[in-house]
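Enquirer: build the 3D model from these lines:
(2 chains)
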Amino acid sequence: MPSISPAALRGGAAVIATALVAATGIAELQAQQQPPAWKQGQPSSMADSKLAPHASPMTVTPAEKIDVGKLKAPAGFKVELWAHGMPGARMMARGDKGTIFIGTRVIGKVYAVTDKDGKRTSKVVAEGLQQPNGIAIKNGSLYVIAIDKALRFDNIEDSLDAPKPTDISEAIKLPPSTHHNWKFAAVGPDNKLYIAIGSPCNLCEINTGMHGLIRRQNLDGSNIEIVARGVRNSVGFDWHPVTKELWFTDNGRDWAGDAGPEEELNRVANNAVGAFYGFPYCHAQGIPDPDIKKPNPCVGVTLPAATLGPHAAALGMRFYTGNMFPAAYKNTAFIARRGSWNRTKKFGYDVVQAKINGGKATITPFLTGFLDAKTDAFWGRPVDVLQMPDGALLVTDEQNGAIYRISYGGKVAAANTK
Amino acid sequence: MIDCRQCRRPRTFLLAVAAILLVLPSQTLAADPPAEKLQLCGTCHGEKGNSTMERTPSLAGQPELFLTNQLILFRERLRKSEAMEPFVKGMPDSEIVALAQHYSKLPAEPTPEPVDAGLAARGAALAKAMHCGSCHLPDLAGREQMPRLAGQRIDYMIDTLIAYREGKRYGVDTSMNGAMYGVSDQDVRALAHFAAGMR
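Expert: You can find the predicted model right below:
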């Protein structure tokens, strides 16, 4: 970095010195200045790219503007609008008494949707939070994990009109960073609270004990253990119904071209808790990072069970255990792909099915129609999926603040239609 | 959508069409904001959305989505402002969108504050190094959720950039906090003068 010697300043060439100071200042700033996190890693060849993340609306989309008829699922399935009027609706969790809780990002709210006599009502149970994306429910308590705060609402389903939060931030111990720090959370079959914590950048070296990981802890916050490392940014996971192994989605880096590296579907084998998944050195099915290099970058890396498409933003995922859908769906996973921004032609904007075969998976489309390939325009962005007790599948749409219900047109579905 | 299995009778069909024609314009275009509301906004932000009041931003020509988002952030107290709070408290989305549409369509006029040419020149070099134009566009006209900076008030932009730097304000994401990390007061001034002088 250039610097000006005191001798040069004493030389009295004030005008030149001033010019030098100005120029040096800018060069210095340029060197230290990080572009916004979502632009980091952008090659100079793409410096003029106009690609930028799409902002989700924070206003209510009226039901008549949600064209659910455009959505397509395989033959025999029916898609309907189940609830709406929850701007920014993202992650879902269902209480034992049937309330669906919904986390958000920018609008800072947590919604509760109740279903009475086939009519859904939504209310706000928490607001003014910094990106309360992570929600989990256990023993009647709702856990809300925001960027800077963790709250617990005991007996939440009996107090929807006057929810009482307990601040458990100190016990939960959240990292201080902001970017990629909206959390995904769920309580596992081991009764522990699992939280995904992203990397605070598009691409950077990370503190592997703090960022880019999935961790678990007791519900009182004690005994934090890292379950998966080298995870760029996971916003969805679930446990296989038979093996009880954790499976999670992970989003690949940006600015490395339209082809990827692709998003990942990963498995944490029961005997490999704490395994390393490659970020930032090795991506997808074993692609060394073009910018952050080290020898043998993919050695010791657990490669994905399947890749989930370039920039597709594969987020919420759940295994299907219901009896409503045909038997072939049992123990497969549904994965919501919110859709790309860092790609010249849009990709994703759908829900896919992952058929599991040991440690591998194959991906097939399930719910499509949010993206018009011809005009490259989207109208909806699926973020999470949730199985209902009757076996129907709920899907959140962050773009329209809505939830769709997908049922199978057999006799079970008919019994649920009035 | 008209489901024609439900409108076999021509009269019902015509009524349905008439109803849709009546409803459509109000759905695609929000109703004009009430005059008394605009007068309230205008007291500080200027009658036509071009502010002459110290440390108060111009709204004219801002992207509709940016204005909508900011009003919602004020309403939800995620962006805190004592001055704005009473006006946005409980404001319905429809009114927010109507205000945003109104101001987004008004022509932006440059701030009446004097722009320092030296600072602006330095700000131009800084803005290039800091990639401001890749979100706000090279002419700083803004787009979508990213505001117009060209011609905006200098004093307001200085306040805002420092608030981002200090983590006292967030946008719909945290990009600006990252962008302003470690930027000196002097450089903030230069950036503000540069943007204010853009046309």
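
Enquirer: for the rest of this, base every contact and every neighbour count on C-alpha atoms.
Expert: Noted.

Enquirer: mind showing which ranges of the chain have poor pLDDT?
Expert: Just going to use chain A. For chain A, the stretches with pLDDT under 70 are A:1-40, A:43-47, A:178-179, A:410-418.

Enquirer: not quite, I wanted chain B
Expert: The low-confidence ranges in chain B, as defined by pLDDT under 70, are B:1-30.

Enquirer: got the residues of it near chain A?
Expert: Residues of chain B lying near chain A by C-alpha under 8 Å from any C-alpha of the partner chain: B:65, B:69, B:72-73, B:76-78, B:93, B:122, B:125-126, B:129-131, B:134-135, B:144-145, B:172-179, B:181-183.

Enquirer: just the buried members of the residues you listed?
Expert: B:65, B:69, B:72-73, B:76-78, B:93, B:122, B:125-126, B:129-131, B:134-135, B:144-145, B:172-179, B:181 (16 or more other C-alpha atoms under 10 Å in any protein chain shown).

Enquirer: residue nearest the middle of chain A, spatially speaking?
Expert: Nearest to the mean C-alpha position of chain A, by C-alpha atoms, centre = their mean, lies A:Val235 at 2.7 Å.

Enquirer: and the gap between that residue and chain B?
Expert: 16 Å (C-alpha to the nearest C-alpha, to the nearest Å).

Enquirer: quick one, what contacts that residue?
Expert: By C-alpha atoms under 8 Å, 6 or more residues apart in numbering or on different chains, the residues touching A:Val235 are A:Lys183, A:Phe184, A:Ala196, A:Thr249, A:Asp250, A:Ala314, A:Leu315, A:Gly316.

Enquirer: who's in contact with the spatially closest residue to the fourth one that is not a sequence neighbour?
Expert: Residue nearest to A:Thr249 in three dimensions, not counting chain neighbours: A:Leu265, with 4.6 Å by C-alpha to C-alpha, 6 or more residues apart in numbering or on different chains. Contact analysis of A:Leu265 by C-alpha under 8 Å, 6+ apart lists A:Trp247, A:Phe248, A:Thr249, A:Asp250, A:Pro304, A:Ala305, A:Ala306, A:Thr307, A:Leu308.

Enquirer: okay, and which of the buried ones among the residues of chain B next to chain A map to helices?
Expert: B:65, B:69, B:72-73, B:93, B:122, B:125-126, B:129, B:134-135, B:175-179 (DSSP state H).

Enquirer: which pair in the residues you listed spans the largest distance?
Expert: The largest separation in those, counting by C-alpha to C-alpha, is between B:Asp93 and B:Arg122 at 40.7 Å.

Enquirer: pick out the residue closest to the middle of chain B.
Expert: B:Leu67 (3.2 Å).

Enquirer: can you pull out the helices in the stretch 101-250 of chain A?
Expert: Counting by DSSP state H, counting those that start in this stretch, the stretch 101-250 of chain A has helices at residues A:169-172.

Enquirer: strands of that one, start to end?
Expert: A:110-116, A:119-126, A:134-138, A:141-145, A:150-153, A:165-167, A:184-187, A:193-197, A:213-217, A:225-229, A:237-239, A:246-250 (DSSP state E, counting those that start in this stretch).

Enquirer: ok, back up a step: strand partners of the one helix or strand the residue nearest to A:Thr249 maps to, parallel vs antiparallel please.
Expert: Per DSSP states H and E, A:Leu265 falls inside strand A:262-268. Strand A:262-268 has the following strand partners under DSSP bridges: strand A:246-250 (antiparallel), strand A:306-310 (antiparallel).

Enquirer: what would the ones you listed look like in TSV with mean neighbour count and distance to A:Ala377?
Expert: Below are those laid out as TSV (neighbours: other C-alpha atoms under 10 Å in any protein chain shown; distance: least, C-alpha to C-alpha, whole Å):
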stretch	mean neighbour count	distance to A:Ala377
strand A:246-250	25	24
strand A:306-310	25	17
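
Enquirer: would CSV of these with distance to B:Ile154 be doable?
Expert: Putting the strands paired with strand A:262-268 into CSV (distance: least, C-alpha to C-alpha, whole Å) gives the following:
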stretch, distance to B:Ile154
strand A:246-250, 42
strand A:306-310, 41
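
Enquirer: from A:Gln217, how far off is the nearest residue to A:Arg216 once chain neighbours are set aside?
Expert: What sits nearest to A:Arg216 in space, not counting adjacent residues and going by C-alpha to C-alpha, 6+ apart, is A:Tyr194, at 4.2 Å. A:Tyr194 sits 7 Å away from A:Gln217, going by C-alpha to C-alpha, to the nearest Å.

Enquirer: got it, and A:Phe366?
Expert: Counting by C-alpha to C-alpha, the gap from A:Phe366 to A:Gln217 is 34 Å.

Enquirer: wait, B:Asn177 sits on B:Tyr170?
Expert: Yes. Assessed by C-alpha atoms under 8 Å, B:Asn177 is found in contact with B:Tyr170 at 7.0 Å.

Enquirer: mind listing the shared neighbours of the two?
Expert: When C-alpha under 8 Å, 6+ apart defines a contact, the residues bordering B:Asn177 and B:Tyr170 alike are B:Tyr164.

Enquirer: how many residues are close by A:Asn207?
Expert: 12 (other C-alpha atoms under 10 Å in any protein chain shown).

Enquirer: I should have written A:Gln217 there, sorry.
Expert: 18.

Enquirer: ok, now A:His180?
Expert: Around A:His180 there are 24 residues (other C-alpha under 10 Å).

Enquirer: what sits against it?
Expert: Counting by C-alpha under 8 Å, 6+ apart, the residues that A:His180 touches are A:Ile197, A:Gly198, A:Ser199, A:Pro200, A:Cys201, A:Asn233.

Enquirer: okay, now the fourth one: neighbour count?
Expert: The reference is to A:Pro200. Around A:Pro200 there are 21 other residues, counting by other C-alpha under 10 Å.

Enquirer: and if you look at the first one?
Expert: When neighbours are counted by other C-alpha under 10 Å, A:Ile197 registers 28.

Enquirer: likewise the third one?
Expert: By other C-alpha under 10 Å, the residues close to A:Ser199 number 28.

Enquirer: OK, contacts around the nearest residue to it once chain neighbours are set aside?
Expert: Spatially, and ignoring its direct neighbours in sequence, A:Ser199 is nearest to A:Gly212 (4.5 Å; C-alpha to C-alpha, 6+ apart). Counting by C-alpha under 8 Å, 6+ apart, A:Gly212 touches A:Ala196, A:Ile197, A:Gly198, A:Ser199, A:Ile206, A:Arg229, A:Gly230, A:Val231, A:Arg232, A:Asn233, A:Phe279.

Enquirer: how about CSV for the residues you listed, with distance to B:Met53 added?
Expert: Below are those laid out as CSV (distance: C-alpha to C-alpha, whole Å):
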residue, distance to B:Met53
A:Ala196, 46
A:Ile197, 43
A:Gly198, 42
A:Ser199, 42
A:Ile206, 45
A:Arg229, 52
A:Gly230, 50
A:Val231, 49
A:Arg232, 45
A:Asn233, 44
A:Phe279, 49
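
Enquirer: I'd like to know which of those residues are buried.
Expert: A:Ala196, A:Ile197, A:Gly198, A:Ser199, A:Ile206, A:Arg229, A:Gly230, A:Val231, A:Arg232, A:Asn233, A:Phe279.

Enquirer: B:Leu71 and A:Asn400: what is the separation?
Expert: Taking C-alpha to C-alpha, one finds B:Leu71 at 19 Å from A:Asn400.

Enquirer: swap in A:Val268?
Expert: Applying C-alpha to C-alpha to A:Val268 and A:Asn400 gives a distance of 33 Å.
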